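Engineer: Next input, structure requested:
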Amino acid sequence: MPGGLVLLQAPAALDLTLCDREPIHIPGSIQPHGLLLVTDPRTGMVQAVAGDVEGRLTPNWLGVPLMDLIGQPLDTSALSAGDVAVLEPLIGQKETFDISAHLSGEHVLVELEPAEAAGERPLAMLATLESASQRFERAIGLSDLYREAAEVFRELTGYDRVMVYRFLEDEAGVVVGESDADGVGSFMNHHFPAGDIPRQARDLYVRNRIRVIPDVGYEPAPLRGGEAPLHPLDLSDASLRSVSPIHVQYLRNMSVAASASISIVRDGVLWGLIACHNRTPRHLTLGTRVAARTLASGLARQIRAKDEAVLYRERIRLRASEDAACARLGRDTTLTEFFRDAGADLRKMLGADGFAAIQGGDLFTNGRCPDDDAIRELGSFARRSVPHTPVATDRLSEELAEAERYRSLASGLLSVVMSTEVPTLLLWFRAEKLEVVNWAGNPHKNVAVDPTAVLTPRSSFEDWTETVRGRSKPWSLAEIESADRLVRRLREERATQRLRVLNEELALTIRENEALIGQKDFLLKEVNHRVQNSLQLVMTFLRMQALEASGSEAVTHLAEAQRRIGAVSLVHRRLYTGASVEVVDLGHYLEELVEDLVSSMEGGWRERIHFDLVPVLISADRAVPVGLIVTELVINASKYAYDGQPGPLAIALEQHHDRFRLIVADRGAGKGSTVKGTGFGSRMLQAVVSQIGGTLETHDNRPGLRTVVSAPVRMVW
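Structural biologist: All right, here's what the predicted structure looks like:
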């Protein structure tokens, strides 16, 4: 839709992933409204050009110093990957150009575009940005924010149609906000297939956050060099990059003559786009593009803030409902009585149509529920999940084929196991909610492909309505958390009551139970004690070996081994002194672990570390390797970034659906070109990350190093 390619459904012999592999970053040409100069940063000479350089700038360019062509120096040594340098405007043969430059591999690309009209003032643009930011802040709720954003960007760019386009979990998109000129058709609330924007285009949207096509009818201007052949030139960061012919045809099919796409990136992930269309050719100047990109960043922050505000209010409401429900579990109330009396409250608390509790052979229901056999069938399905972890789905029949027969009553399921003296399972049901989805064209329509198997964009964008069955209203994150928290509170209340009754009636039994609990605690402490002793023996042996070793390299290796054994000991000790050894809050665990770690380091570290950790529930066996990863990264930052001295260090933990992202960033010396250490630490990190099924990436933090570890919250085998 806004910026992508579309594949027609093709014969089986046609590989539909070809669109995802189209090399759109090396088109070999630019859009002709501007000029491109390809320069060798070592010599400063122009090696190749694209566009009408001879008619608009100079007839002689090959081998000419860049400074002679643009009339000002460009410090190429100050440029780094991802940076864009904006230079002073240049007067050409007939027009004035805005100039920008960036690195592309071993070349410097200098782009010249028609400058803003005379009389436009930077202060006026700043005032526009400030006014737009205030409008975003005043928006009441997300719907109002999307509408304001569409209006603000249309005022800024002057396009006929501006849409706020959000990506969904299945990678399809939906228009959530729109502002149109008179006579322009609306796509508000319309869905677009995921294939409209292929994967490599999404990657470019994160890297280069604004893309403009002033005239879809343009003829690409090819790159031209001297006699030596040009290697494919990466134009990912070039504003003038020529786009795919398939996408150009896609826009023509929509009756669009000019377009612009501005990325909305939230927490490093592509959340959506500001999609702009115009019925006639329209150019966006460099200044307007910079303003639009800045405004999109502000919009992303407002979306996040309002999302978090909604989640906070929902959590507060659910907390109050939990308190009211748990208050019904009095001293003499059995679970049987509790479910009978509080079933309606538990159902309404999570906005469910039905509620059921399975306790041994007993079954309690409230509201509209499937039959008893179906409920027990669902109980068996829910128990297949990780223990003590909620199961939540809004499309049950897609995950359990047997649920198709009662989808009208239970297309949505939220369940959690409550471990008591008798295993208990709580289930909430949501009825099927027929959803009418408006598509811009039929996404399922079979369209013929030409005999040469060339991929072509779809041509129809007429309203097409689809009724989606077998789905319910989705469960929110706050509701899933509430169900889990409710069961834990009930379990704790139930355990407290049971202990009280046993204390009053069976004092002897209580003492025996306490003895068993004490033995369990003693066993855990004994195991931990033995592990700690074993680690201390290994460290002592390594110290003795270090004293007897000859050669600085051997001593260094032994010292590194001592440090890592010490880190393992610290990770193990911190985990097994916690309240739970099955499921832990990873954010809380990492914060305590790092605080313990820095207490043994150079003074002043505690004040230099900034935490931004969200609660992530994770099993203990996965928490241990994550703790080792954090320990290694913190020690590496101390050793390599700051040479052992305290320095700024940021540690963040985020959760995106079923994956977590751990970020450790310093502001120190950075990776540089000198290899530091023995390489064992890097291999160990890679091995531990691989153990949890994750990935590890390092980026330039400008200055310093930013390390990102991403892995599933639960291991999938």
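Engineer: Neighbours of Ala641, how many?
Structural biologist: Other residues near Ala641 number 24, with proximity taken as other Cβ atoms under 10 Å. C-beta here means a position set from N, CA and C on the backbone, and glycine is covered the same way.
Engineer: any idea how far the nearest residue to it once chain neighbours are set aside lies from Arg166?
Structural biologist: The shortest distance from Ala641 to any residue that is not its chain neighbour, by Cβ to Cβ, 6 or more residues apart in numbering, is 2.6 Å, and that residue is Gly668. With distances defined as Cβ to Cβ, to the nearest Å, the gap from Gly668 to Arg166 amounts to 38 Å.
Engineer: Do a quick rundown of the helices in the stretch 201-350 of the chain.
Structural biologist: Residue ranges of the helices in the stretch 201-350 of the chain, as given by DSSP state H, counting those that start in this stretch, are 245-253, 286-326, 335-349.
Engineer: What pLDDT is listed against the residue most central in space within the chain?
Structural biologist: In the chain, the centroid-proximal residue (Cα atoms, centre = their mean) is Val269; its distance is 4.1 Å. Model confidence at Val269, given as pLDDT, is 88.
Engineer: Would you check how far apart the nearest residue to it once chain neighbours are set aside and Thr389 are?
Structural biologist: Take Val269 and drop its neighbours on the chain: the residue closest to it by Cβ to Cβ, 6+ apart is His656, 6.6 Å away. Between His656 and Thr389 the distance, using Cβ to Cβ, works out to 18 Å.
Engineer: Settle it for me: which of the two has more neighbours?
Structural biologist: In this comparison of His656 against Thr389, neighbours counted by other Cβ under 10 Å, the higher total goes to Thr389 at 16 against 13.
Engineer: The more buried one contacts Ile618, doesn't it?
Structural biologist: No: at 10.2 Å, Thr389 and Ile618 do not qualify as touching, with contact defined as Cβ atoms under 8 Å.
Engineer: list residues touching both of those two?
Structural biologist: Here Thr389 and Ile618 share the contacting residues Val583, Arg714, scored by Cβ atoms under 8 Å, 6 or more residues apart in numbering.
Engineer: Nearest residue to Ala194 in space, please, no chain neighbours.
Structural biologist: Nearest non-adjacent residue to Ala194, counting by Cβ to Cβ, 6+ apart: Glu171, 3.7 Å away.
Engineer: Give me the pLDDT for the one you found.
Structural biologist: Listed pLDDT for Glu171 reads 80.
Engineer: now do Phe660
Structural biologist: pLDDT, read off for Phe660, is 93.
Engineer: In terms of helices and strands, where is it?
Structural biologist: strand 659-666 (DSSP states H and E).
Engineer: Please name every helix or strand in contact with that strand.
Structural biologist: Under the contact definition 3 or more Cβ pairs under 8 Å, 6 or more residues apart in numbering; DSSP states H and E, strand 659-666 sits against helix 620-636, strand 649-656, strand 705-712.
Engineer: neighbouring strands for that strand, and are they parallel or not?
Structural biologist: As defined by DSSP bridges, the strand partners of strand 659-666 come to strand 649-656 (antiparallel), strand 705-712 (antiparallel).
Engineer: Pull the number of nearby residues for Ala296.
Structural biologist: There are 20 residues near Ala296, going by other Cβ under 10 Å.
Engineer: Tell me the bridge partners for the residue nearest to it when sequence neighbours are not counted.
Structural biologist: Once flanking residues are discounted, Ala296 sits nearest to Ile262: 4.8 Å by Cβ to Cβ, 6+ apart. Beta bridges link Ile262 to Ile210, Ile274 when assigned by DSSP bridges.
Engineer: hey, which helix or strand in the chain has the poorest pLDDT?
Structural biologist: The least trusted helix or strand in the chain, going by mean pLDDT, DSSP states H and E, turns out to be strand 435-440, with a mean of 54.
Engineer: tell me the contacts of the residue nearest to Arg430 when sequence neighbours are not counted?
Structural biologist: Setting aside the residues directly before and after it, Arg430 is nearest to Gly412 in space (Cβ to Cβ, 6+ apart), at 3.1 Å. For Gly412, the residues meeting the contact criterion (Cβ under 8 Å, 6+ apart) are 352, 393-396, 429-431, 471-475.
Engineer: same check, this time on Ser638
Structural biologist: With contacts taken as Cβ under 8 Å, 6+ apart, Ser638 has the following neighbours: Met601, Glu602, Trp605, Gly644, Gly647.
Engineer: any idea how far the residue nearest to Ala194 is from Leu273?
Structural biologist: Shown here: Glu171 relative to Leu273, a distance of 13 Å by Cβ to Cβ.
Engineer: Settle it for me: which of those two has more neighbours?
Structural biologist: Leu273 (28 against 13).
Engineer: what residue ranges in the stretch 201-350 of the chain are flagged as low confidence?
Structural biologist: Across the stretch 201-350 of the chain, residues meeting the criterion (pLDDT under 70) sit at 227-231, 330-332.
Engineer: Name whatever forms a beta bridge with Val49.
Structural biologist: Under DSSP bridges, the residues paired with Val49 across the bridge are Leu37, Arg224.
Engineer: pretty sure it is in contact with Leu36, am I right?
Structural biologist: Yes: using Cβ under 8 Å, Val49 and Leu36 qualify as a contacting pair, with a distance of 6.3 Å.
Engineer: and for the two, which residues touch both?
Structural biologist: Both Val49 and Leu36 are contacted by Leu223, under the criterion Cβ under 8 Å, 6+ apart.
Engineer: So which residues of the stretch 1-150 of the chain form strands?
Structural biologist: Using DSSP state E, counting those that start in this stretch, the strands of the stretch 1-150 of the chain run over residues 29-30, 35-39, 46-50, 85-91, 96-104, 107-114.
Engineer: Reformat the ones you listed as JSON lines; add distance to Ala374 and mean pLDDT.
Structural biologist: Converted to JSON lines, the strands of the stretch 1-150 of the chain look like this (distance: least, Cβ to Cβ, whole Å; pLDDT from 0 to 100):
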{"stretch": "strand 29-30", "distance to Ala374": "61", "mean pLDDT": "90"}
{"stretch": "strand 35-39", "distance to Ala374": "65", "mean pLDDT": "92"}
{"stretch": "strand 46-50", "distance to Ala374": "66", "mean pLDDT": "90"}
{"stretch": "strand 85-91", "distance to Ala374": "65", "mean pLDDT": "87"}
{"stretch": "strand 96-104", "distance to Ala374": "60", "mean pLDDT": "89"}
{"stretch": "strand 107-114", "distance to Ala374": "63", "mean pLDDT": "90"}
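Engineer: Among those strands, which comes closest to Phe339?
Structural biologist: Distances from Phe339 to each of the strands of the stretch 1-150 of the chain were compared by Cβ to Cβ, and the smallest falls on strand 96-104, at 64.3 Å.
Engineer: gap between the nearest residue to Ala637 once chain neighbours are set aside and Val708?
Structural biologist: Using Cβ to Cβ, 6+ apart and skipping residues adjacent in sequence, the residue nearest Ala637 is Asp666, 4.5 Å away. Using Cβ to Cβ, Asp666 is found at 13 Å from Val708.
Engineer: The two: who's more crowded?
Structural biologist: Under the neighbour definition other Cβ under 10 Å, Asp666 and Val708 were set side by side, and Asp666 has more, 25 against 17.
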